[in-house]
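Asks: I would like to see how this sequence folds:
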Amino acid sequence: MEYVYLGAVLGPLLGAIIAGFFGKFIGREGAHTVTIFGVGVAFILSLITFNHIVLNGAPIYNETVYTWLISDGITFEIGFLVDSLTAMMMLVVTFVSLMVHIYTIGYMRDDPGYQRFFSYISLFTFSMLMLVMANNFMQLFFGWEAVGLVSYLLIGFWFKRPTATYAKLKAFLVNRVGDFGFILGIAAILMYFDSLDYATVFAAAPAMADATAKIAVGTEWSVITMICILLFIGAMGKSAQVPLHVWLPDSMEGPTPISALIHAATMVTAGIFLVARMSPLYEFSEVALSFVMVIGAITALFMGFLGIVQNDIKRVIAYSTLSQLGYMTVALGASAYAAGIFHLMTHAFFKALLFLAAGSVIIAMHHEQNIFKMGGLKKYLPITYWCMFIGAIALIGFPGMSGFFSKDAIIEAVKLSTVPGAEFAYWAVLLGVFVTALYTFRMFFIVFHGKERFDKHTREHLHEPSKVVTLPLILLAIPSALIGFVAIGPLLFGDYFNEVITVLPEHDVLAKLGEYYTGPFAFILYGLGWPVFLALAGVAVAWFLYVKRPDIPEKIKQRCSGLHDFMSRAYGFDAFNDSFFAGGSRGLGRFFWKEGDAKLIDGVMVNGTANAVGHIAKFIRYVQSGYLYHYAFVMIIGLLLMLTFFV
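Replies: Next up is the predicted model:
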């Protein structure tokens, strides 16, 4: 099977190399053919992997492909760990990526950077596969940084736009903050465990449970807690948790296909996957679990509020991603790792569907993204309408849809958790259900219902995009509707994650929840409580405010103008970062430039040395007169001084 795993990774990489370096020679059709073929091969091999590992029950594969470096007894390797978690992630990443690749043919067909874009998204897929298949921290770090690099290239794909340049730099720099904590965490693992291999570190974790380290004078921290929090800081950057969330809404500056790929299957899911993979460490630190849960709860609720005031169709969905990532993070903090990964999977399908459906609307509206310049599009875009409707009801957790099973499991798991902060997290995710339904169907009703808010020219040219755009929507709509019903039993209450995810008995909230589980139909009936009522209430409020009485939101906006402005500025995070961090860094740079570089280095060290040499040379110039009797006189004086000194 080693060649299967290598093929799954190298297929997208080979496609990216050919499209990137030889795009001019093979043309646009050649570029999309070779990259789709590479990702398609990866998807087929992922299916084979899933069948081998999960369905046939093959043993976990944990082998080294090759040794890169041995330094001071530490081995740096490239290797694969393929278990049920890896197999599921491979399947999700390659399927969503394949749909995005196909969709891109229609969305980017007139773009001059066509070949470059296909090269980038194929490289993105390779990077994510390297991350999820890693069996050691060095390879994990490689994949971690690779997805960050490619996201930088894709967010700023339209590099002639100042807003795109700003967005890619913002994403890159914010993630550097998170990655600083991440690499410190890896360094701490190497320091205390003397290994970068997952299996070695996880096996030694119980023995390190009581170990402490001095962080500062007079303070000691649990080694496991320190490592887990440092690793989670990295996850906060990649998975956009407060306060390192600010880059994700601006990532909308990239083309819509990459928005779907970043928000659904790559980049932002890396942090969630990381914490789930590191469950053997996190289980020994309740402090770290509590920290994870509280950060996730804040993100889930307060980022959801911001979706209500967005007018850009892609930004509404972007803030939805932030909120749903918060739900996944809360599940991780409650030790319901399986529920977090389950929601990661369902979210990947319906969020990719929502983004690609939004892209279909944008194409039809000639790249207009303001939802208040749309309206009544249902009759013009029937396929897009129904696909987005499926994505929307999956997102809000309508009974029977994929999002219902995963989100309701998270809410119930947090309710049973005893980790500090669980009560706050429960109310946050519960209220978040209403907020999610409100902003989702606010967007849906404004875009597809109500009066038409576009000109006659746009109306005359409105039509469903080509099949290459609508086919991925249909294919994504199927798992968005059905995958939760099929997967809930084995993933949450079965043995799917046995020997993969570690949960201590006192933290095992899913086991408690599983005592009442008798099947997906019974789970639907069991879940017909507050989450469903709040979701339906959110839909009803959205319908009343934006279909029945669209005048009311404007009145609310006028009366609460201060609050609306505060939320429109995303709680002031961007202004704070721009003035304090970015502005402070620039001010510090100017200080060192003027005081350090100009005065100290240039003034004292460089120019000062030159001036000193000049003054010495000016003095010596008087001695070098050119007259022989002057030199004879100096020699005689020198000889007399030497005789005086020695004799």
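Asks: so who does P382 touch?
Replies: Neighbour list for P382: E464 [criterion: Cβ atoms under 8 Å, 6 or more residues apart in numbering]. (Glycine included, C-beta is placed from N, CA and C.)
Asks: so how far is F389 from it?
Replies: For P382, the distance to F389 (Cβ to Cβ, to the nearest Å) stands at 11 Å.
Asks: What score does A598 have for pLDDT?
Replies: Model confidence at A598, given as pLDDT, is 67.
Asks: just the one 10 residues further on next, same as before
Replies: pLDDT recorded at G608 is 72.
Asks: got the buried residues for the longest strand along the chain?
Replies: Using DSSP state E, we find that the single longest strand of the chain is strand 61-71. Buried residues in strand 61-71, counted by 16 or more other Cβ atoms under 10 Å: Y61.
Asks: helices and strands around the helix or strand following that strand, which ones?
Replies: Tracing the chain past strand 61-71, the next element assigned as helix or strand by DSSP states H and E is strand 74-82. Applying 3 or more Cβ pairs under 8 Å, 6 or more residues apart in numbering; DSSP states H and E, one finds that strand 74-82 contacts helix 2-21, strand 61-71, helix 114-133, helix 137-155.
Asks: least reliable of the ones you listed going by mean pLDDT?
Replies: With a mean of 88, strand 61-71 has the lowest mean pLDDT of the helices and strands packed on strand 74-82.
Asks: Who are the packing partners of it?
Replies: Strand 61-71 packs on helix 2-21, strand 74-82, going by 3+ Cβ pairs under 8 Å, 6+ apart.
Asks: how does it look with 6 Å?
Replies: strand 74-82 (3 or more Cβ pairs under 6 Å, 6 or more residues apart in numbering; DSSP states H and E).
Asks: What residues of the next helix or strand after the strand it packs on count as buried?
Replies: Note on strand 74-82: by DSSP H and E, the next helix or strand toward the C-terminus is helix 84-107. Neighbour counts over helix 84-107 (16+ other Cβ under 10 Å) mark 84-107 as buried.
Asks: Then stretch 178-194?
Replies: G178, D179, G181, F182, I183, L184, G185, I186, A188, I189, Y192, F193.
Asks: show me the contacts for the closest residue to the first one other than its chain neighbours.
Replies: Once its chain neighbours are removed from consideration, G178 has its nearest residue in G237; the separation is 2.0 Å (Cβ to Cβ, 6 or more residues apart in numbering). For G237, the contacting residues are N175, G178, L244, by Cβ atoms under 6 Å, 6 or more residues apart in numbering.
Asks: Give me the helices and strands touching the longest helix belonging to the chain, please.
Replies: Taking DSSP state H as the criterion, the chain has its longest helix at helix 162-193. The contact analysis (3+ Cβ pairs under 6 Å, 6+ apart) places helix 162-193 against helix 137-155, helix 198-204, helix 223-238, helix 247-250.
Asks: Which other helices and strands does the second one contact?
Replies: Same thing as helix 198-204. Against helix 198-204 (3+ Cβ pairs under 6 Å, 6+ apart) you get helix 162-193.
Asks: what residue lies at the spatial centre of the chain?
Replies: V268 (2.0 Å; Cα atoms, centre = their mean).
Asks: these two touch, right, that residue and S239?
Replies: Yes: counting by Cβ atoms under 6 Å, S239 is a contact partner of V268 at 5.1 Å.
Asks: Common neighbours of the two, please.
Replies: Counting by Cβ under 6 Å, 6+ apart, the contacts common to V268 and S239 are L325.
Asks: Give me the number of neighbouring residues for the residue lying closest to G359 once chain neighbours are set aside.
Replies: Closest residue to G359 apart from its sequence neighbours, by Cβ to Cβ, 6+ apart: T256 at 3.5 Å. Other residues within reach of T256 by the criterion other Cβ atoms under 10 Å amount to 27.
Asks: What of L356?
Replies: The burial count for L356: 31, using other Cβ under 10 Å.
Asks: again, but for the one 4 residues further on
Replies: When neighbours are defined as other Cβ under 10 Å, S360 has 28 of them.
Asks: Check the one 3 residues further on too.
Replies: For I363, the tally of surrounding residues (other Cβ under 10 Å) stands at 20.
Asks: Please name the residues that touch the nearest residue to it once chain neighbours are set aside.
Replies: Closest residue to I363 apart from its sequence neighbours, by Cβ to Cβ, 6+ apart: P465 at 4.9 Å. Applying Cβ under 6 Å, 6+ apart, we find P465 in contact with G106, S360, I363.
Asks: Look up which helix or strand P465 falls in, please.
Replies: Here P465, judged by DSSP H and E, is contained in no helix and no strand.
Asks: would a markdown table of the helices and strands packed on strand 74-82 with distance to I620 be doable?
Replies: Below are the helices and strands packed on strand 74-82 laid out as a markdown table (distance: least, Cβ to Cβ, whole Å):
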| stretch | distance to I620 |
| --- | --- |
| helix 2-21 | 61 |
| strand 61-71 | 53 |
| helix 114-133 | 63 |
| helix 137-155 | 57 |
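Asks: and among the ones you listed, the most buried is which?
Replies: Counting by mean count of other Cβ atoms under 10 Å, helix 114-133 has the highest mean neighbour count of those, with a mean of 26.
Asks: How much space separates the residue nearest to S285 when sequence neighbours are not counted from G40?
Replies: Among residues not flanking S285 along the chain, T225 sits closest, at 4.2 Å (Cβ to Cβ, 6+ apart). Counting by Cβ to Cβ, the gap from T225 to G40 is 44 Å.
Asks: Check E452 too.
Replies: From E452 to G40 the distance is 40 Å (Cβ to Cβ).
Asks: now do Y546
Replies: 41 Å.
Asks: More neighbours: the two, which one.
Replies: Y546 (22 against 18).
Asks: would you list every one of the strands in the stretch 201-350 of the chain?
Replies: Taking DSSP state E, counting those that start in this stretch as the test, the strands found in the stretch 201-350 of the chain are 212-216, 219-222.
Asks: Highest mean neighbour count out of the ones you listed?
Replies: strand 219-222 (a mean of 14).
Asks: Which strands and helices lie in contact with that one?
Replies: strand 212-216.
Asks: Give the partner strands of the strand it packs on in its sheet and their orientations.
Replies: Using DSSP bridges, strand 212-216 pairs in its sheet with strand 219-222 (antiparallel).
Asks: what's the strand it pairs with in contact with?
Replies: T212, A213, K214, I215.
Asks: Which residue in those residues has the weakest pLDDT?
Replies: Out of the contacts of strand 219-222, that is I215, at 77.
Asks: Quick check: the gap between that residue and F493.
Replies: I215 is 40 Å from F493, by Cβ to Cβ.
Asks: With Y3 instead?
Replies: 35 Å.
Asks: What of I298?
Replies: 29 Å.
Asks: Same question for T163.
Replies: On the measure of Cβ to Cβ, T163 and F493 end up 46 Å apart.
Asks: Who has more neighbours out of those two?
Replies: Between T163 and F493, F493 has the larger neighbour count (other Cβ under 10 Å), namely 20 against 12.
Asks: Please name the residues that touch that one.
Replies: Counting by Cβ under 6 Å, 6+ apart, F493 has contacts G514, Y517.
Asks: Per-residue confidence, it, what does it come out as?
Replies: On the pLDDT scale, F493 gets 91.
Asks: separation between it and V92?
Replies: Applying Cβ to Cβ, one obtains 20 Å for the distance of F493 from V92.
Asks: what does A575 give?
Replies: From A575 to V92 the distance is 36 Å (Cβ to Cβ).
Asks: OK, contacts around S259?
Replies: M252, K314, F355.
Asks: I'd like to know which of these are buried.
Replies: By 16+ other Cβ under 10 Å, the contacts of S259 give M252, K314, F355 as buried.
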